[in-house]
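Enquirer: below are the sequence and a predicted model; questions follow.
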Amino acid sequence: MKLRSHLYIFALVGCVLGFTSAANAQDVVGTAVVDGARVDLLSDQTWRYSNPATDTSSTCPPINSFVSFCGAPSWISTALPTPDFAAAYRQSGRIYGGIIYEELGTSAGMTQDFMRNAMLQYAAQATGVPVDQVPVLDAATTVVNDVPAERISYSLNVGGIDVVYQNTVVVTEDHTFQFLVWTIGSSFEDAERAVAADFLSRVRLNLPK
């Protein structure tokens, strides 16, 4: 089974030190209109909404046919860590979020158990520790737009910097979504939980009934 889910760990390991500067350093090389909203075309062949704080033409810009994100003004579109991300955002120099989408679900054998194990396996591999030594901070069932989900939170040391990941996974019959929030630092308190809760509250799922 080919998945994008494992790639985000390697992407974040590679970019966490330079994510902020990379996101801010891209040159605008043109503009376009996507679903009625003006976007900037960037020199790294990505794009962002021209002014997320004031763009009212699309309150919740669609990521694809199945998910939208009502991020403005708190969450600003930023460069994708890898093309496997459907969307990426930043809230500050230490707080980031992203969405990964897979066009497969339980009908193709995808399960929450598989996703959970894959995340921890790749986290362990990326940081060179046994999987049972990946510090799991929290695991719980939750919902995203009334759709059942599971959240797992864990910390890694990336290039000498502590990073806390909160990954919420939705698996339906034909779709798998990952809603990620990662924060620089080792703290996992109410403030960090609130950031992830805010990110999830802005997700809008458009799934067949």
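Expert: Structure's in. What do you need?

Enquirer: next SSE after the longest helix along the chain?
Expert: Assignment by DSSP state H gives helix 112-127 as the longest helix of the chain. Using DSSP states H and E, the helix or strand that follows helix 112-127 towards the C-terminus is strand 136-144.

Enquirer: pull the contacting residues for T106.
Expert: 171-173 (CB atoms under 8 Å, 6 or more residues apart in numbering). For every residue, glycine as well, the C-beta is placed using N, CA and C.

Enquirer: which among those end up buried?
Expert: 171-172 (16 or more other CB atoms under 10 Å).

Enquirer: from the contacts of T106, which is closest to S68?
Expert: Within the contacts of T106, the smallest distance to S68 is 16.0 Å, found for T172 (CB to CB).

Enquirer: which non-adjacent residue is nearest the closest one?
Expert: G105 (4.9 Å; CB to CB, 6 or more residues apart in numbering).

Enquirer: V169 versus the one you found, what's the distance?
Expert: Remark: distance between G105 and V169 (CB to CB, to the nearest Å) = 11 Å.

Enquirer: rewinding a little: ramachandran coordinates for the residue nearest to T172?
Expert: With angles defined as degrees, to the nearest 10, G105 sits at phi -150, psi -150.

Enquirer: burial measure for it, as a count.
Expert: By the measure other CB atoms under 10 Å, the count of residues near G105 is 17.

Enquirer: ditto for the one 3 residues further on
Expert: Taking other CB under 10 Å as the neighbour definition, A108 ends up with a count of 12.

Enquirer: element containing R204, please.
Expert: Here R204 is assigned to strand 203-205, by DSSP H and E.

Enquirer: on contacts alone, who are the packing partners of that strand?
Expert: strand 67-69 (3 or more CB pairs under 8 Å, 6 or more residues apart in numbering; DSSP states H and E).

Enquirer: list the contacts of the strand it packs on.
Expert: By CB under 8 Å, 6+ apart, the list of residues contacting strand 67-69 reads 60-63, 75, 86-87, 89, 99, 101, 177, 202-206.

Enquirer: ok so, going back, was I right about the residue nearest to T172 contacting H175?
Expert: Yes - counting by CB atoms under 8 Å, G105 does reach H175; the two are 5.0 Å apart.

Enquirer: residue closest to the middle of this protein?
Expert: G98 (1.9 Å; CA atoms, centre = their mean).

Enquirer: whichever helix or strand that residue is part of: partners in the sheet, and parallel or antiparallel?
Expert: When elements are assigned from DSSP H and E, G98 belongs to strand 95-102. Here strand 95-102 has these sheet partners by DSSP bridges: strand 85-90 (antiparallel), strand 176-184 (antiparallel).

Enquirer: tell me the confidence at the nearest residue to Y101 once chain neighbours are set aside?
Expert: Of all residues not flanking Y101 in the chain, A86 sits nearest, at 4.6 Å (CB to CB, 6+ apart). pLDDT, A86: 93.

Enquirer: pretty sure A86 contacts G97?
Expert: No - A86 is not in contact with G97 according to CB under 8 Å; the separation is 11.8 Å.
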